[in-house]
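Asker: Sequence and predicted structure, then a few things I'm wondering about:
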Amino acid sequence: MADVPARRLYALTFVGGAASLGGEIAAARLLAPWFGDSTLIWANTIGVVLVALSVGYWLGGRMADRDPQLRRLALIILAAAAVFALLPFVARPFLRVSVDALSSVSAGAFVGSLVAVLVLLAVPMLLLGMISPFVVKLAIRTVDEAGKVTGRLYAVSTLGSLAGTFLSSLLLIPFLGTRRTFLIFALALALVATVSLGRRFAPAPILIAVLLALPVGTVKAVTDGRVIWEKETLYQYAVVIERDDGQRRLELNEGQAVHSIYTPGQWTTGNYWDEFLTLPFAARAGGDEGTPPRSVAILGNAAGTVARQYGHYFPDTRVDGVEIDGQLNKIAGTLFDLNKRDAPNVHLHTADGRPWLRAQTRRYDAIFVDAYRQPYVPFHLATREFFQSVKDHLNPGGVVLVNIGHPERSHALEEVLTATMADVFSTVVRDPSQRVNTIAMAGDGQISPAALGAAIPRLPQDLRPIAAETAARIAPRLPGGRVYTDDVAPVEWLIDASIVQVAASGER
């Protein structure tokens, strides 16, 4: 076994550690548009990575004992670089097929994400796991220095993992995107491997660099319109699709739900957003019938569909639209016609809804919660403590409205959320406005279809038929459901169980 310069071994170790953790974060981001980004998805990703690395450690140790040659290690690293480079290109068609196939055989997102990560990520992670035992074997000269050398290499590997974590999450994914993040780590692996393999293998990093320069396409094929804007933001993949009739819609991550909609010259949507315009009048009584809320906060503003509607129909109402993703606030004005000229009382804030609300001294007549990205619900917006904070920021007689997206004919999530709301508010009602959307409304005053009906003559003409249909649907909350708290809120398990149950029954 020839002596290998220590610096070269440190470089291999550092880059291998960076690629393993950076690739893990990029893989979770790669899965998000198809399976979401809940804790279960992260658990699947981390679990598969750890298993693959463990197998790699075992195989690498056996191989290093048989033939401890730097060239063999470099070839392993180059193979990992090749798989890393290919992974984002094969991910899109593979994940699309996986989602369709798993749905047809009655499997939920948990199983689907596990299989997808296993296929896409296990091979490169196994190869990266082989690096550590190999470099230890190459670096140790005598038994007396085994502890010192091994400790030093572990430290270098951990520093590489730390660098990969921060590089991918803070710089590469936000500014270059997921695909180029994989390619950059692939390029780094190929470069350190080529140094040990010689010029003959120089085409490998050159080819990866060429792939890095290729333009990035859309996440999924669009059959109904064209993509006019797309961006991988700090929080998600976002795309705006414009149809032939000029209608625009915002899709986030999974692409199975529309999060904002805009049709030139129109303000009503024919969808659940319209309910936020009419439902608050069901709580306006004692002479306030037909009087719009004086102030509204929207937690989960997306590109501002409801805020734009309020700016048009109720221009005197102050609207605070809160959206965690600042990129969506930007396109609200440029692509979804939410502007100060037409909506002077609309104020946009870039923040997480719950911390933002907690920091406010202002109180509201209505607070709308529409921050749930199907199929998953941020657990911290589904707990008793959250709804208590909402209550603390409502004026007397104020109400909270929550959009609950759910699989068709599945009411488990609605039951839990309304039970939790009922633990804080004295009155909770439901408006099943869509097959897969229910608006839950809660307050400490009376909420009744009669109050909404009495307000109809004083509403704008466009809203009167919507209000009449809404009043006919208002009903008491569904019985059952467990109260969720900040300490215990297993929303991911609940939603995945609903998906599996619906798939198993053959329903949608």
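Answerer: Noted; the coordinates are in hand.
Asker: if I read this right, Gly177 contacts Thr233, doesn't it?
Answerer: No - with contact defined as Cβ atoms under 8 Å, Gly177 does not reach Thr233; the gap is 10.2 Å. Glycine gets a C-beta too; all of them are placed from N, C-alpha and C.
Asker: So which of those two has more stuff around it?
Answerer: Remark: of Gly177 and Thr233, Gly177 carries more neighbours, 19 against 16, as counted by other Cβ atoms under 10 Å.
Asker: excluding its backbone neighbours, what's nearest the more buried one?
Answerer: In space, and not counting its chain neighbours, Gly177 is closest to Glu232: 4.5 Å by Cβ to Cβ, 6 or more residues apart in numbering.
Asker: Need the pLDDT of the closest residue to Arg473 other than its chain neighbours.
Answerer: Closest residue in space to Arg473, ignoring its immediate chain neighbours: Asp431 at 5.1 Å, by Cβ to Cβ, 6+ apart. You'll see Asp431 listed with a pLDDT of 96.
Asker: helices or strands next to the strand or helix carrying Asp431 in the packing?
Answerer: Per DSSP states H and E, Asp431 falls inside strand 427-434. For strand 427-434, the contact count by 3 or more Cβ pairs under 8 Å, 6 or more residues apart in numbering; DSSP states H and E identifies helix 412-422, strand 437-443, helix 464-473, strand 475-476 as packing neighbours.
Asker: what do you get if the cut-off is 6 Å, keeping everything else the same?
Answerer: helix 412-422, strand 437-443 (3 or more Cβ pairs under 6 Å, 6 or more residues apart in numbering; DSSP states H and E).
Asker: ok so, going back, what count of nearby residues applies to the residue nearest to Arg473?
Answerer: Asp431 has 25 nearby residues by other Cβ under 10 Å.
Asker: mind checking how far it is from Thr470?
Answerer: As judged by Cβ to Cβ, to the nearest Å, Asp431 and Thr470 stand 6 Å apart.
Asker: Can you check which residues contact both of these two?
Answerer: Glu275 (Cβ atoms under 6 Å, 6 or more residues apart in numbering).
Asker: hang on, the earlier thing: just send the helices and strands packed on strand 427-434 back as CSV, with mean neighbour count, distance to His312 and mean pLDDT too.
Answerer: Shown next, in CSV, are the helices and strands packed on strand 427-434 (neighbours: other Cβ atoms under 10 Å; distance: least, Cβ to Cβ, whole Å; pLDDT from 0 to 100):
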stretch, mean neighbour count, distance to His312, mean pLDDT
helix 412-422, 23, 29, 94
strand 437-443, 24, 20, 95
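Asker: out of those, nearest to Thr13?
Answerer: For Thr13, the closest of the helices and strands packed on strand 427-434 is helix 412-422, at 46.0 Å, according to Cβ to Cβ.
Asker: Summarise which helices and strands the closest one is packed against.
Answerer: strand 427-434, strand 437-443.
Asker: Give the partner strands of the longest one in its sheet and their orientations.
Answerer: For strand 427-434, sheet partners with direction are given as strand 437-443 (antiparallel), strand 475-476 (antiparallel), following DSSP bridges.
Asker: Quick one: those as JSON lines, columns for distance to Arg243 too.
Answerer: Output for the strands paired with strand 427-434, formatted as JSON lines (distance: least, Cβ to Cβ, whole Å):
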{"stretch": "strand 437-443", "distance to Arg243": "21"}
{"stretch": "strand 475-476", "distance to Arg243": "34"}
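Asker: looking at those, which is closest to Ile140?
Answerer: strand 437-443 (62.2 Å).
Asker: Next secondary structure after the closest one?
Answerer: Heading C-terminal from strand 437-443 (DSSP H and E), you reach helix 449-455.
Asker: helices or strands up against that next one?
Answerer: Going by 3+ Cβ pairs under 6 Å, 6+ apart, helix 449-455 lies up against helix 464-473.
Asker: Going by neighbour count, which residues of the strand holding Asp431 are buried?
Answerer: 427-433 (16 or more other Cβ atoms under 10 Å).
Asker: how big is the angle separating that strand from helix 464-473?
Answerer: Here strand 427-434 runs at 120 degrees with respect to helix 464-473, directions being taken by axes from the mean of the first three to the mean of the last three Cα atoms, to 10 degrees.
Asker: ok and strand 427-434 relative to helix 412-422, angle-wise?
Answerer: 150 degrees.
Asker: Can you list the residue ranges for strands in the stretch 251-400 of the chain?
Answerer: 258-262, 295-299, 318-323, 346-350, 364-369, 394-405 (DSSP state E, counting those that start in this stretch).
Asker: Using a markdown table, lay out those together with distance to Glu275 and mean pLDDT.
Answerer: Shown next, in a markdown table, are these (distance: least, Cβ to Cβ, whole Å; pLDDT from 0 to 100):
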| stretch | distance to Glu275 | mean pLDDT |
| --- | --- | --- |
| strand 258-262 | 14 | 92 |
| strand 295-299 | 13 | 98 |
| strand 318-323 | 16 | 97 |
| strand 346-350 | 19 | 97 |
| strand 364-369 | 10 | 97 |
| strand 394-405 | 8 | 94 |
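Asker: out of these, nearest to Asp444?
Answerer: strand 394-405 (7.8 Å).
Asker: List the buried residues in that closest one.
Answerer: So for strand 394-405, counting by 16+ other Cβ under 10 Å, buried means 394, 397-405.
Asker: Of these, which pair is most distant in space?
Answerer: Gly397 and Gly405 (27.6 Å).
Asker: Which strand or helix spans Glu249?
Answerer: Let me fix one detail, which is that residue 249 is Arg and not Glu. strand 248-252.
Asker: buried ones in that strand?
Answerer: 248-252.
Asker: Indicate each strand paired with that strand and its parallel or antiparallel sense.
Answerer: strand 237-242 (antiparallel), strand 258-262 (antiparallel).
Asker: who wins for proximity to Gly270 among those?
Answerer: Per Cβ to Cβ, nearest to Gly270 of these: strand 258-262, 9.1 Å.
Asker: Need the mean per-residue confidence for the helix or strand encompassing Arg71.
Answerer: Element membership of Arg71, judged by DSSP H and E, is helix 70-104. The average pLDDT within helix 70-104 is 79.
Asker: residues touching Ala80, list them.
Answerer: Ala80 neighbours (Cβ under 6 Å, 6+ apart): 124, 127-128, 189.
Asker: From Ile184, how far out is it?
Answerer: Ala80 is 14 Å from Ile184, by Cβ to Cβ.
Asker: again with Phe14
Answerer: 15 Å.
Asker: what are the phi and psi angles of Ala139?
Answerer: Main-chain dihedrals, Ala139, degrees, to the nearest 10: phi -90, psi -30.
Asker: For it, grab the count of nearby residues.
Answerer: Counted with other Cβ under 10 Å, Ala139 comes out at 19.
Asker: what do you get for Trp267?
Answerer: Trp267 has 20 nearby residues by other Cβ under 10 Å.
Asker: what's the pLDDT at it?
Answerer: Here the pLDDT value assigned to Trp267 is 94.
Asker: Let me see the contact set for it.
Answerer: Per Cβ under 6 Å, 6+ apart, neighbours of Trp267: 309, 312.
Asker: mind pulling up the phi and psi values for it?
Answerer: The phi/psi pair for Trp267 (degrees, to the nearest 10) is phi -120, psi -30.
Asker: that older thread, export the buried residues of strand 248-252 to JSON lines and append columns for distance to Trp267 and pLDDT.
Answerer: Converted to JSON lines, the buried residues of strand 248-252 look like this (distance: Cβ to Cβ, whole Å; pLDDT from 0 to 100):
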{"residue": "Arg248", "distance to Trp267": "14", "pLDDT": "96"}
{"residue": "Arg249", "distance to Trp267": "15", "pLDDT": "94"}
{"residue": "Leu250", "distance to Trp267": "17", "pLDDT": "94"}
{"residue": "Glu251", "distance to Trp267": "21", "pLDDT": "87"}
{"residue": "Leu252", "distance to Trp267": "22", "pLDDT": "81"}
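Asker: re earlier: how about the strands paired with strand 427-434, which one is nearest Tyr57?
Answerer: Among the strands paired with strand 427-434, strand 437-443 sits nearest to Tyr57 (Cβ to Cβ), with 47.9 Å.
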